[in-house]
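**Student:** fold the following for me, if possible:
(one chain, ligands or ions: 1)
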Amino acid sequence: MSPLIPPEWESIEAPSIVVEPPGPRSREVLARIERRAYPGLSAGLTPFALAHKRAWTVTDVDGNVYLDLASASASVPLGAGRPELLGPVTEALARFGNEDSHALVSELTARFGERLLEVAPASLTRYDIALNGTEAIEIAIKLMRRSTGRPVIIGFHGSYHGESTLTAALGAEAAEISRGLRGLVGGFVHVPYPHPYRSPLRDPRPGGSGDATVDYLRDHVLFHALDPSEVAGVMIEPVLGSGGCVAPPDSFWPALTQLCAEHGWLLCADEVKSGMGRSGHLFAVERWGVEPDLMCLGKALGGGAMPIGAVLGSERAIGGFDDVPTGSTWAWLPAACAAAMTTLDLFEREPVLENVGELERLASARLGELRDRFERIGEVRATGCFMAIEFVRDRETKERDPELQDAVAAEALRRGVIADSSTTSLNIQPSLVMPGEALERAFEIVAEAIEAALAAEGS
Ligand SMILES: Cc1ncc(COP(=O)(O)O)c(C=O)c1O
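**Tutor:** Model (predicted):
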């Protein structure tokens, strides 16, 4: 097995903060964007301007170097600027430039599609091409409805599937994401995600499905509100990503797959974030031996070098018709296929998943210590390189504390650690090849940041 990281990354040292961010150069760039861009863009920006990225570090234009625990929204799995990806990508660009893979394909398309199906769960035998995760979900929604002839898709509170009209309405991570859309886009019914800490549904009922969420679906949703024959299927993140890095209890999967089988529902795994190693398996469904009918991929599929998405499906789900137009011009650009092929090679050659397992063990220990130390942490979670800290005002009431969470993220940034202050938790999603020492350092800084945020609250 080849070493995990290129030798030149071994000497990387971070973080190093030389000027309080945002420094003067960052402020200047951000002000220009604020003057001319859609205000909603400026509102969400991390407060510095990027100079360059390398491995698990980000350098800003004022010379600060940060440890990156966001990984470009979990789309850079193997470190930024991975040298092995550059050759194949530039070679494909030089050879093909752009081509619309809905019209003209090369052998590379065939090879990459076959390779993807080889590594995917055995239930998935066909693929469709997409530009990114959002488009993959859009396509999957159409295909599920077409193959079953049924309109309704069941989604989950807490899930994120994208920001386009359709994907925002299927998602339910935060009410503001679908504000203005709920009343316009029909056909999605939501139930609570099987969230061991937050679900309002407690224990499974005696004589029921064995799982509280599936009992709720059976006993309430299907009894009071929805005829099973209206349902095309279920769209679920096998590990809730942006919604807080939550893994369902083991009881959930057998009960859900049984329910789907009973009613002919398609089970679609949104592995846009959880796929390509982040859960500790190449695909998160492998963790529970689940064989979905469809799977959506994006983000890390292109190795952090190129945008690419895919929908994989069984014969039943996507093999029996050709009359649903899907996708867009840049889907499976040859250079993106080259990046994705090389990414799969790297996963095969290098001990990436082993490293994810080690980072998960390290994170579980450090996060547990943080929870013991700080009363205002309600829960900590680690599933592979999905890690999260959930802040509360009070452990008993579990009242969420987004202000403290934002303050911790800001204090961490000032100290040189970039984490994602998401809707419900501080999400930590390191590069899958980050060395343990770098993650240890990041956790020390997060602990200092929590101290500082709590001290500022009291002052
Ligand atoms: C689970 C999940 N699905 C779909 C998407 C949409 O992917 P993208 O924004 O890369 O198009 C995301 C993005 O965060 C995601 O986390």
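
**Student:** near the ligand, which residues of the stretch 251-400 of the chain are found?
**Tutor:** For the stretch 251-400 of the chain, the contact set with the ligand under CB under 6 Å from any ligand atom comprises Asp270, Val272, Lys273, Gly298, Lys299. Any C-beta I mention is one placed from the backbone N, CA and C, and that applies to glycine too.

**Student:** keep only those of those that are in strands.
**Tutor:** Asp270 (DSSP state E).

**Student:** by neighbour count, which of the residues of the stretch 251-400 of the chain next to the ligand wins?
**Tutor:** Top of those by neighbour number is Asp270, holding 33 neighbours under the definition other CB atoms under 10 Å.

**Student:** and it, what are its bridge partners?
**Tutor:** Beta-bridge partners of Asp270, counted by DSSP bridges, are Cys296.

**Student:** residues touching it, list them.
**Tutor:** With contacts defined as CB atoms under 8 Å, 6 or more residues apart in numbering, the neighbours of Asp270 are Gly133, Ile137, Ala140, Ser159, His161, Met235, Ile236, Glu237, Pro238, Cys296.

**Student:** repeat that with 10 Å
**Tutor:** Applying CB atoms under 10 Å, 6 or more residues apart in numbering, we find Asp270 in contact with 133, 136-137, 140, 155-156, 159-162, 167, 170-171, 235-238, 240-241, 284, 292, 294-298.

**Student:** again with Ala80
**Tutor:** Residues near Ala80 by CB under 10 Å, 6+ apart: 52-58, 68, 71-72, 304-305, 431.

**Student:** and what of Ala55?
**Tutor:** Contacts were defined as CB under 10 Å, 6+ apart; by that measure Ala55 touches 5-6, 8-10, 12, 14, 68, 76, 78-82, 431, 433-435, 438.

**Student:** please report how far it lies from the ligand.
**Tutor:** Applying CB to the nearest ligand atom, to the nearest Å, one obtains 21 Å for the distance of Ala55 from the ligand.

**Student:** save the residues of the stretch 251-400 of the chain next to the ligand as CSV, and put in pLDDT too.
**Tutor:** Supplementary listing: those in CSV, determined by pLDDT from 0 to 100:
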residue, pLDDT
Asp270, 98
Val272, 98
Lys273, 98
Gly298, 98
Lys299, 98
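
**Student:** if we can go back for a sec, what's the ChimeraX syntax to select whichever of the contacts of Ala55 are buried?
**Tutor:** One line in ChimeraX is enough to select the buried ones among the contacts of Ala55; burial here means 16 or more other CB atoms under 10 Å:
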select :5,6,9,12,14,68,76,78,79,80,81,82,431,433,434,435,438
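
**Student:** from the contacts of Ala55, which ones fall inside strands?
**Tutor:** Reading strands off the contacts of Ala55 with DSSP E, I get Asp68.

**Student:** so which of the contacts of Ala55 are in helices?
**Tutor:** When helices are assigned by DSSP state H, the members of the contacts of Ala55 inside them are Ala438.

**Student:** now for the residue in the chain that the ligand sits nearest to, how many residues are close by?
**Tutor:** Per CB to the nearest ligand atom, Gly133 is where the chain lies closest to the ligand, at 2.5 Å. Other residues near Gly133 come to 29 when the count uses other CB under 10 Å.

**Student:** got it, and Glu403?
**Tutor:** Using other CB under 10 Å, the number of residues around Glu403 comes to 12.

**Student:** any buried residues in the helix or strand containing it, and which?
**Tutor:** If you go by DSSP states H and E, Glu403 is part of helix 402-414. By neighbour count, with 16+ other CB under 10 Å as the criterion, the buried positions of helix 402-414 are Leu404, Gln405, Ala407, Val408, Ala409, Ala410, Glu411, Ala412, Leu413, Arg414.

**Student:** cool, and stretch 115-134?
**Tutor:** Applying a neighbour-count criterion of 16+ other CB under 10 Å, one finds 115-117, 120-121, 123-124, 126-134 buried in stretch 115-134.

**Student:** can I get the buried residues of helix 402-414 in TSV including distance to Ala255 and pLDDT?
**Tutor:** Compiled in TSV, the buried residues of helix 402-414 are given as follows (distance: CB to CB, whole Å; pLDDT from 0 to 100):
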residue	distance to Ala255	pLDDT
Leu404	35	98
Gln405	32	98
Ala407	39	98
Val408	36	98
Ala409	36	98
Ala410	41	98
Glu411	42	98
Ala412	38	98
Leu413	41	98
Arg414	45	98
